Every structure is written in structure tokens, then in C-alpha cells.
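>>> Sequence and predicted structure are below.
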Amino acid sequence: MTDSANRWEESASQLFIDFGEAFTPSRAEQAEMMVSLVPASGDEEFVAVDLACGAGWLSGAMLRRFQSCRVIALDGSPAMLEEARTNLQPWAQRAEFRQFDLKGPAWLAELGEQVRCFVSSLAIHHLDDSEKQALFGGLAERLPPGGALLIADLVEPVNERVRQAYARAWDAAVREQSHRRRGDLGDFEEFRSQEWNLYEFPDPDFDTPSNLSEQLKWLREAGFREVDCFWLRAGHAIYGGFI
Ligand SMILES: C[S@@+](CC[C@H](N)C(=O)[O-])C[C@H]1O[C@@H](n2cnc3c(N)ncnc32)[C@H](O)[C@@H]1O
């Protein structure tokens with residue numbers, strides 16, 4: 001899944017463009033929850049930033065729900081940015097695409113926008129504990145009162161029993177979605193053959209999810225309030241806080 005520097009590589013981008021919907025538990029439900037948590041009304045003008053937008057499903061959910069918002073969709077992968085640009089064509093006038101390195105120090109200072117809301121799905125778990133804390137601190141400083149950080153991501157189980165439960169639940173979700181999406185187990189077989197379920201096939205050099213309670217603590221320490229987990233299925237949590 002990764003290159004020699006343990007970074008996301010373009011073969012993973014293509015796999016996730018093709019199978020991301022099938023591999024993500026309840027993506028439509030997650031999209032609905034994420035947009036429901038955004039502190040804005042449907043016709044308000046504001047800027048949202050999608051950190052590691054991938055093929056753009058979360059940016060798309062924002063653009064659909066908020067008719068006057070502008071979305072800056074950031075990703076490190078040219079293939080993902082191209083796919084997002086294509087998928088978000090109906091909202092092209094309100095969407096902007098930029099390449100960034102989530103692990104790099106520069107992008108936040110260079111953003112140059114008043115941002116109401118940072119959102120992110122399935123990317124922050126690539127940061128280690130201290131990188132996550134630094135990111136939360138930087139975003140809290142950057143957000144105005146009334147802003148929010150909303151994250152949908154994998155979290156580290158508290159023990160081995162929970163790890164196995166998450167692994168089984170994720171398999172079950174993908175199996176069911178495979179049936180629903182295409183009437184057979186093709187998506188599920190790809191999920192198994194790619195060893196995508198990190199609760200069963202951990203790759204600690206690349207995937208470094210952190211414990212959810214710890215992350216909620218780091219969010220509070222960074223200055224967020226009303227911090228909580230708002231949704232969780234199969235180790236995939238929606239959590240964040242408000243400024
Ligand atoms: C599992 S995909 C998730 C994409 C999308 N947010 C979604 O939920 O479908 C992970 C994304 O993170 C991006 N990514 C991984 N590491 C990155 C980094 N250091 N800087 C920028 N993007 C990164 C990849 O290019 C990829 O688009």
C-alpha cells in the first residue's frame with residue numbers, strides 16, 4: 001500500500017477511487033452526520049477546508065448541503081485531486097483544489113483564508129500522536145469563534161478484544177455493502193485480498209490511529225470546546241470540537 005518512505009502512493013489512490021465507497025462503513029450516513037455538525041446554516045457564505053479530500057465525497061456533501069459555501073479541497077495525491085475535480089464538476093465555481101502535505105509545516109500558514117470549518121476523513125490516522133496534537137493546536141489557532149474541526153477517522157482500539165470486534169464489524173460492513181453495491185462479494189474480496197482491514201492487518205509504519213479518548217483530550221488542550229465523539233461504527237469515528 002505504501003512506498004519506501006511509508007507515504008501514500010498512487011496505486012493506493014486508484015484502489016481507493018475504485019473501492020473507497022465499499023471499504024468505508026456507512027459513508028452516506030457519515031456524510032449526513034458530518035454536514036449536520038457543521039456550524040452554519042444552509043445558505044450562509046463561509047469557507048470549509050477538506051484535509052486530504054481523496055476523490056471528494058466529503059467536499060461534495062458540504063457543497064450540496066451549503067449552497068453558498070466555498071470548499072478548499074486539499075490532498076497530496078495528484079490522482080485524487082484530479083478525481084475530486086471531476087466528481088465535483090457540478091460545483092466547480094465553489095470548489096478549489098490544492099496539493100498539500102498534511103505532515104508538512106507550510107500549508108496552514110499559506111492557506112490565506114478565513115476558514116469556518118476544517119473537515120477530514122480517513123487521513124489524520126496517518127499522523128503520529130505528536131503530529132496530531134500539533135495539527136489540532138494549529139487548527140484551533142486558525143479558527144475564529146464559531147468555527148469547528150470535524151474528523152471522520154479510524155481510531156485505535158483500547159484493547160485486543162475491541163480490536164477484534166472492530167475488525168469483525170468492518171468486515172461485516174464491507175460484505176454487506178458489497179452485496180448492496182453490486183449484488184456479489186467482489187468488493188469484499190478486494191478488501192480481503194488488499195488486507196485493507198488494519199484492525200486485522202496492522203501496518204504501524206503507515207497507519208497510526210490514536211486512541212479516541214486521548215484525541216478528545218488533545219482537542220480540549222488545543223482550545224476546542226464541546227469536544228466529543230458523535231458517531232462510531234467498526235472503529236470509524238466522527239469526532240471533533242468547536243471554538
Ligand atoms: C484513505 S484516503 C481518504 C480520502 C478521502 N478523505 C475519503 O475519505 O475517501 C487517504 C487520503 O489521504 C491522502 N494523504 C495521505 N497522506 C497524506 C499527506 N501526508 N499529505 C496529504 N495527503 C495525504 C491520500 O492522498 C488520500 O487521498
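That came through fine.
>>> in the protein, what spans have low per-residue confidence?
Low-confidence regions of the chain, defined by pLDDT under 70, span residues 1-6.
>>> interface residues of the chain facing the ligand?
Near the ligand, the residues belonging to the chain are 8, 13, 16, 20, 52-55, 57-58, 75-77, 80, 100-103, 121-123, 126 when assessed by CB under 6 Å from any ligand atom. For every residue, glycine as well, the C-beta is placed using N, CA and C.
>>> Out of those residues, which sit inside strands?
The strands in this structure, assigned by DSSP state E, contain D75, S121 from those.
>>> And the buried ones among the residues of the chain next to the ligand, selectable in PyMOL?
Those of these that count as buried under 16 or more other CB atoms under 10 Å are selected in PyMOL with:
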select buried, resi 8+13+16+20+52+53+54+55+57+58+75+76+77+80+100+102+121+122+123+126
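>>> which one is G56 nearest to, not counting chain neighbours?
Counting by CB to CB, 6 or more residues apart in numbering, the nearest residue to G56 once its immediate chain neighbours are dropped is A84, at 3.3 Å.
>>> Same question for A167.
Y199 (3.7 Å).
>>> Tell me who's in contact with the one you found.
In this structure, Y199 makes contact with P157, R163, Q164, Y166, A167, W170, G235, judged by CB atoms under 8 Å, 6 or more residues apart in numbering.
>>> Try it again at 7 Å.
For Y199, the contacting residues are P157, R163, Y166, A167, W170, G235, by CB atoms under 7 Å, 6 or more residues apart in numbering.
>>> need the strands for the chain, in chain order.
With DSSP E, the ranges of strands along the chain come out as 47-51, 70-75, 95-99, 117-121, 148-154, 225-233, 236-242.
>>> The second one packs against which elements?
Counting contacts by 3 or more CB pairs under 7 Å, 6 or more residues apart in numbering; DSSP states H and E, strand 70-75 packs against strand 47-51, helix 57-65, helix 78-87, strand 95-99.
>>> from these, which stretch is densest packed?
When you average the neighbours per residue for each of those (mean count of other CB atoms under 10 Å), strand 47-51 leads with a mean of 24.
>>> which helices and strands sit right next to it?
Under the contact criterion of 3+ CB pairs under 7 Å, 6+ apart, strand 47-51 touches helix 57-65, strand 70-75, strand 117-121.
>>> Residues touching it, excluding its own?
By CB under 7 Å, 6+ apart, strand 47-51 touches 58-59, 62, 69-74, 102, 113-120, 123.
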